[in-house]
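Novice: show me the folded form of this:
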Amino acid sequence: MPPSPDLPRAQLITERALATLNRFLHVEAVSGIVLLIAAAVALTWANSPLAAGYHHFWHTPISIGLGSFTISQPLHFWINDGLMTVFFLVVGMEIRREMHEGALSNLRQASLPIAAALGGVMVPALIYLALNADPVRQNGWAVPTATDIAFAVGVLALLGRSIPGNLRIFLLALAVIDDIIAVLIIALFYSGGLDYGGFALAGAGLVLVLALQRMGIGSAFAYVLPGAIVWTGILMTGAHPTLAGVVLGLLTPVVPMRMRERPLEVVSRIANQLTGRHAEAGSQLLAGPLRELRLAQRELLPPIVRVQAALHPWVAYCVMPLFALANAGVTLDGIDLAAGGTQWVLAGVVLALVIGKPVGVVTVSWAMVRLGWCALPPGVTGAGIVLVGLLTGIGFTMSIFIAMLAFADDALLGAAKLGVLAGSCLAALLGLGWGVLYARRQRRDAGLPR
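Specialist: Model (predicted):
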């Protein structure tokens, strides 16, 4: 029987997907270390003799204006509400890609990580609320419900290649679903009274984005102005402006822009021209073919792959470390654990991350498999699910972000941040310890040396 003509194309798509996943894992693993260093620098700086300079620096006012329209905000705002929009843009793209061709594209395949993620949100929230009955402190119930992908994948990477690939994919899928839940929580519970006048401006920006896509504009730079309009509109509504990044990420096309010729055909034609008579022509005659070649090269990949690949390293190595540097600087001397129930906020966050996240993930996963509603991925055992559950207790970036939305009181905010840092570190150590035992068992079962 002759081979199917679709086989090479399917194989190419599979190889490209695996290469993209490997690059993603590599960036996340290394950026986890950078993120940890940034957090350590912030914590040290905020508790050193230069602590006053730390807080003063992040409150330096910066103004951005166009004509009579000016926004003047401290540096802290531009990082948390501006640069973090790019982080949420990448999050939105990850969600869109998973919905198109990943773990969220098939309901049966996605049902287990969805259920596990929901368990990993509900149980920590209940543990936190059980320790914090005061209405003001209750507002931090969502702080320990999020997972930091960079840290979690970074710890998993330290365990080596003996960890099954399906377990890594399961962790990534669960973390992406965690991001979706975190975004919904921010939108529903941490947006103040909405000024609906801003929705008109945000809507105009979205219409402009869709119009550019309809016109076949593939350059990412063309969408900067519409994106800024959407961001400004959402800021005016009173909702958190970083949600603009998620919306724009979900709208990013998952298929290449249509061209009169297929990109590969354009590349072949231009290559023939450049190696023929045109190669001896002047630079002016070559400008057109080279422009076509660059356009075809760009459109070989869908915009969602191309833009995410371009932004991901910047987010991992610049945006997230800057966020950690600006927000992880908790002044320990300034936290009075005997006043205002701060000790319960600290305890609630730590226990919810270290105990609540793994208990929620493992219990719900076990129940879904036991009831026959879901099945474990091939090569993944109960011990592997425990490892994933422990690693989901690493909250950090998103947890600190939610804490800043949840608490206006500096003492409660400081306690929540300290709880996130302590709980995430403890969860990482427990995950690493369990992971070493799990990796040894995997190597032993495979007959490999320990």
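Novice: which SSE is Leu172 in?
Specialist: helix 165-189 (DSSP states H and E).
Novice: which is the next helix or strand following that helix?
Specialist: With secondary structure assigned by DSSP H and E, helix 165-189 is succeeded by helix 197-214.
Novice: tell me how far that next one is from the chain's mean position?
Specialist: 24 Å (CA atoms, centre = their mean, to the nearest Å).
Novice: do the same with stretch 64-71
Specialist: That offset, for stretch 64-71, works out to 31 Å (CA atoms, centre = their mean).
Novice: can you name the residues in contact with that stretch?
Specialist: For stretch 64-71, the external contacting residues (CB atoms under 8 Å, 6 or more residues apart in numbering) are 63, 72. Quick note: C-beta positions are derived from backbone N, CA and C, even for glycine.
Novice: now do that stretch: distance from first to last residue.
Specialist: Taking CA to CA, to the nearest Å, stretch 64-71 runs 5 Å from one end to the other.
Novice: for that stretch, buried residues please.
Specialist: Residues of stretch 64-71 include none that count as buried (16 or more other CB atoms under 10 Å).
Novice: shaky segments in the stretch 351-450 of the chain?
Specialist: 446-450 (pLDDT under 70).
Novice: that older thread, who does the helix holding Leu172 touch, helix- and strand-wise?
Specialist: Packed against helix 165-189 by the contact rule (3 or more CB pairs under 8 Å, 6 or more residues apart in numbering; DSSP states H and E) you find helix 6-46, helix 84-101, helix 107-131, helix 149-158, helix 243-251, helix 382-391, helix 397-406.
Novice: export these to a markdown table and tack on mean neighbour count and distance to Leu426?
Specialist: Compiled in a markdown table, these are given as follows (neighbours: other CB atoms under 10 Å; distance: least, CB to CB, whole Å):
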| stretch | mean neighbour count | distance to Leu426 |
| --- | --- | --- |
| helix 6-46 | 15 | 14 |
| helix 84-101 | 22 | 25 |
| helix 107-131 | 21 | 14 |
| helix 149-158 | 24 | 12 |
| helix 243-251 | 22 | 30 |
| helix 382-391 | 23 | 10 |
| helix 397-406 | 25 | 13 |
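Novice: not counting sequence-adjacent ones, nearest residue to Ala146?
Specialist: Met398 (3.6 Å; CB to CB, 6 or more residues apart in numbering).
Novice: that older thread, can you tell which of the helices and strands packed on helix 165-189 is closest to Gly435?
Specialist: Nearest to Gly435, of all the helices and strands packed on helix 165-189, is helix 382-391, at 5.3 Å by CB to CB.
Novice: relative to the whole chain's centre, how far out is the closest one?
Specialist: On CA atoms, centre = their mean, the centre of helix 382-391 falls 20 Å from that of its chain.
Novice: what's that helix packed up against?
Specialist: helix 107-131, helix 149-158, helix 165-189, helix 357-370, helix 410-445.
Novice: dump those to JSON lines, plus distance to Ile95.
Specialist: Output for these, formatted as JSON lines (distance: least, CB to CB, whole Å):
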{"stretch": "helix 107-131", "distance to Ile95": "12"}
{"stretch": "helix 149-158", "distance to Ile95": "12"}
{"stretch": "helix 165-189", "distance to Ile95": "6"}
{"stretch": "helix 357-370", "distance to Ile95": "19"}
{"stretch": "helix 410-445", "distance to Ile95": "23"}
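Novice: and the residue nearest to Ala146, what is it in contact with?
Specialist: 146-148, 178-179, 182 are the contacts of Met398 under CB under 8 Å, 6+ apart.
Novice: go again with 10 Å.
Specialist: Residues near Met398 by CB atoms under 10 Å, 6 or more residues apart in numbering: 87-88, 91, 142-143, 145-149, 175, 178-179, 182-183, 185-186, 420.
Novice: tell me where the stretch 201-350 of the chain has strands.
Specialist: For the stretch 201-350 of the chain, no strands turn up when DSSP state E, counting those that start in this stretch is the criterion.
Novice: okay, now the unreliable bits of it?
Specialist: 256-300, 334, 336, 338.
Novice: now the helices: where do they sit in it?
Specialist: 224-237, 243-251, 263-275, 283-298, 303-314, 320-327, 342-351 (DSSP state H, counting those that start in this stretch).
Novice: and the first one with helix 165-189, angle?
Specialist: Spelled out, that is helix 224-237. Between helix 224-237 and helix 165-189, the angle comes out at 50 degrees (axes from the mean of the first three to the mean of the last three CA atoms, to 10 degrees).
Novice: what is the mean pLDDT for the helix or strand harbouring Ser72?
Specialist: Here Ser72, judged by DSSP H and E, is contained in strand 69-74. Averaged across strand 69-74, pLDDT comes to 81.
Novice: which helix or strand lies directly C-terminal to it?
Specialist: helix 75-77.
Novice: touching, Leu89 and Gly227? I think so.
Specialist: Yes: using CB atoms under 10 Å, Leu89 is in contact with Gly227, at 8.0 Å.
Novice: now the common contact residues for the two.
Specialist: Jointly contacting Leu89 and Gly227 under the rule CB under 10 Å, 6+ apart are 244-245, 247-248.
Novice: partner strands of the strand holding Ser72 and their direction?
Specialist: Sheet partners assigned to strand 69-74 using DSSP bridges are listed as strand 61-66 (antiparallel).
Novice: chain center to the strand it pairs with, what's the gap?
Specialist: Using CA atoms, centre = their mean, the offset of strand 61-66 from its chain centre is 28 Å.
Novice: please renumber so the chain begins at 11
Specialist: In the new numbering, first residue 11, that becomes strand 71-76.
Novice: count the neighbours of Arg171 for me.
Specialist: Neighbour count for Arg171, taken as other CB atoms under 10 Å: 10.
Novice: which pLDDT does the model give Ile43?
Specialist: So, for Ile43, pLDDT stands at 79.
Novice: residues contacting Gly170?
Specialist: Here Gly170 is in contact with 445-446, 449, 452-453 (criterion: CB under 10 Å, 6+ apart).
Novice: just give the nearest non-adjacent residue to Thr155, would you?
Specialist: The shortest distance from Thr155 to any non-neighbouring residue, by CB to CB, 6+ apart, is to Val131 (4.4 Å).
Novice: same question for Asp343.
Specialist: The nearest residue in space to Asp343 (CB to CB, 6+ apart) is Asn57, at 7.2 Å.
Novice: quick one, what contacts the one you found?
Specialist: 64, 339-344.
Novice: which pLDDT value belongs to it?
Specialist: According to the prediction, Asn57 has pLDDT 89.
Novice: for Met414, see how far away it is.
Specialist: Separation of Asn57 from Met414 (CB to CB, to the nearest Å) stands at 19 Å.
Novice: now swap in Val317 and tell me
Specialist: Val317 is 27 Å from Met414, by CB to CB.
Novice: got the contact list for the residue nearest the centre of the chain?
Specialist: When CA atoms, centre = their mean is applied to the chain, the residue found nearest the centroid is Val101 (4.3 Å). Taking CB under 10 Å, 6+ apart, we find Val101 in contact with 94, 159, 186, 189-190, 192-193, 252, 255-256, 259-260, 325, 408.
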